[in-house]
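J.: Build me a structure from this.
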Amino acid sequence: MFVGTLKFDIIIPSSTSLKDKRRVIQSLQNKIKSKFNVSIAEVDYQDKWQRAVIGLCFVNSEKKEIESICEKIKEIIFDNGELFIIDELKEIIYFGEK
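T.: Numbering: from 1, shown residues only. Purely as a prediction, here's the structure:
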């Protein structure tokens, strides 16, 4: 079993309030959840208007499938015109006997 994790540190320059930020984050989360069976949450900077860290986690039996899902999720985030990615981290962890 493989576990894929992604973490994105993002800026939302057009946000002028926490309500604006939540709208952008919720829209992004809903879009990703509707296409992929992943867990996704805002994991840091909840009190900042223009900054957020988004964490995602998902499981699959094939490493290639995990890598493919990671790339597709990155495309969705990069294509979002309301935010910019400052930093990203991807990890794929294997659980089981080798």
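J.: those helices in this structure, which residues are they?
T.: Using DSSP state H, the helices of the chain run over 18-35, 63-79.
J.: could I get these as JSON lines with distance to residue 55 and mean pLDDT?
T.: From N, CA and C alone the C-beta is placed, and that goes for glycine too. Formatted as JSON lines, these follow (distance: least, CB to CB, whole Å; pLDDT from 0 to 100):
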{"stretch": "helix 18-35", "distance to residue 55": "11", "mean pLDDT": "93"}
{"stretch": "helix 63-79", "distance to residue 55": "12", "mean pLDDT": "92"}
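J.: Using CSV, list the CA coordinates for stretch 74-91.
T.: Provided in CSV are the C-alpha atoms of stretch 74-91 (Å, rounded to 0.1, in the frame of the first residue of the first chain):
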residue,chain,number,x,y,z
LYS,A,74,-1.0,20.0,-8.9
GLU,A,75,-2.4,21.0,-12.3
ILE,A,76,-5.8,21.9,-10.7
ILE,A,77,-4.0,24.1,-8.1
PHE,A,78,-1.6,25.7,-10.6
ASP,A,79,-4.6,26.5,-12.9
ASN,A,80,-6.5,28.3,-10.2
GLY,A,81,-6.1,32.0,-11.0
GLU,A,82,-7.0,33.2,-7.5
LEU,A,83,-3.9,31.9,-5.8
PHE,A,84,-0.1,31.4,-6.1
ILE,A,85,1.9,28.5,-4.7
ILE,A,86,4.9,29.6,-2.6
ASP,A,87,6.1,26.1,-1.7
GLU,A,88,5.1,22.5,-2.3
LEU,A,89,6.0,19.2,-0.8
LYS,A,90,5.2,15.7,-2.1
GLU,A,91,5.9,12.4,-0.3
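J.: Show me which positions of that stretch end up buried.
T.: The neighbour-count check on stretch 74-91 (16 or more other CB atoms under 10 Å) flags 77, 80, 82, 83, 90 as buried.
J.: I appreciate the help and will end here.
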